[in-house]
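# show me how the following folds:
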Amino acid sequence: GAVMAATAKINQTSPVLRGKFVREHLLCQTLPPPPPEVNAEAPTLDPKLTTRERFAQHSEVSSCANCHRLLDPVGLGMENFDAVGRFRDNENGLALDVSGKLEDTDVDGTFDGVFDLSKKLAASEEAQRCMVTNWFRFAYGRTESDSDLCFLHQLDARLVKSSGNLKELLVATTSLDAFFYRRAGDAQ
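Purely as a prediction, here's the structure:
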């Protein structure tokens, strides 16, 4: 619920923020910022429309469609959760369509709801590498550099070899040279 609330607006869900969360934090993809001339406001609430209907304009406007094809279909698959993270099966009395689609990933395709999305992400090597990268960042208190690519590869290989055992990832993290030695120039 906390992730769903954090990726929503105060009075409505946000498929854009939810899709962005998946892309950046679960797949470690870098998304470009919206063009400066774009109005980044959520569509006006309308009690006769669902969020999916209100956000359809993103795919209809060519300057928006290219980026929003990566964000909205992912976030709309999470519409079963309202702006504070409560489960729901309708919006404004209208049945929810929680189908979604992943593009530009190693597990492209459609999904039906957040639980189906989670199964796709669990099968994703891209998501696994992202988890390793995020764990590295957390454990070492810094972002990775080019000189850390070998360490990240070692961590990823160890996780694969252990069939995804997170305890093995923790042990592997503490057995790398990067754990024992601070690079020149790292923060104190």
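# quick one: list the elements packing against the strand or helix carrying residue 17.
Following DSSP states H and E, one finds residue 17 within helix 15-21. Helix 15-21 sits against helix 2-6, helix 62-75, with contacts defined as 3 or more CB pairs under 8 Å, 6 or more residues apart in numbering; DSSP states H and E. To be clear about C-beta, it is placed using only N, CA and C from the backbone, and glycine gets the same treatment.
# not counting its own residues, what contacts it?
Contact partners of helix 15-21, identified using CB atoms under 8 Å, 6 or more residues apart in numbering, comprise 3-4, 6-9, 31, 42, 51-52, 55, 58, 68, 70-76, 78-79.
# going through these, which ones are buried?
Among the contacts of helix 15-21, those classed as buried by 16 or more other CB atoms under 10 Å are 4, 7-8, 42, 51-52, 55, 58, 68, 70-76, 78-79.
# OK, contacts around residue 136?
Going by CB under 8 Å, 6+ apart, the list of residues near residue 136 reads 144, 148, 151, 152, 155, 173.
# for ChimeraX, write the select line for the buried members of those.
To isolate the buried ones among the contacts of residue 136 in ChimeraX, judged by 16+ other CB under 10 Å, type:
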select :148,151,152,155,173
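# next step: the contacts of residue 136 restricted to helices.
151, 152, 155, 173 (DSSP state H).
# list the contacts for the third one?
Going back to what we said before, that points to residue 155. By CB under 8 Å, 6+ apart, the contact set of residue 155 is 132, 135, 136, 169, 172, 173, 176.
# could you do residue 46 as well?
residue 54.
# phi, psi for it please.
Residue 46 adopts backbone torsions of phi -140, psi 120, taken as degrees, to the nearest 10.
# low-confidence ranges, this protein, go.
182-188 (pLDDT under 70).
# quick one: the strands in it?
Assigned by DSSP state E, the strands in the chain fall at 90-91, 94-95, 99-102, 109-112.
# can you list those in TSV and add mean neighbour count?
TSV is the format used below for the strands of the chain (neighbours: other CB atoms under 10 Å):
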stretch	mean neighbour count
strand 90-91	16
strand 94-95	11
strand 99-102	20
strand 109-112	14
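# let me have those in TSV, extended by distance to residue 13.
Listed next are the strands of the chain as TSV, based on distance: least, CB to CB, whole Å:
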stretch	distance to residue 13
strand 90-91	8
strand 94-95	14
strand 99-102	13
strand 109-112	17
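# quick one, which of the ones you listed is nearest to residue 37?
strand 99-102 (27.2 Å; CB to CB).
# and for that closest one, what are the contacting residues?
In this structure, residues lying in contact with strand 99-102 by CB under 8 Å, 6+ apart are 73-78, 108-113, 117, 120.
# quick one: those as TSV, columns for distance to residue 94 too.
Formatted as TSV, the contacts of strand 99-102 follow (distance: CB to CB, whole Å):
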residue	distance to residue 94
73	19
74	21
75	18
76	14
77	17
78	17
108	29
109	26
110	21
111	21
112	17
113	16
117	21
120	26
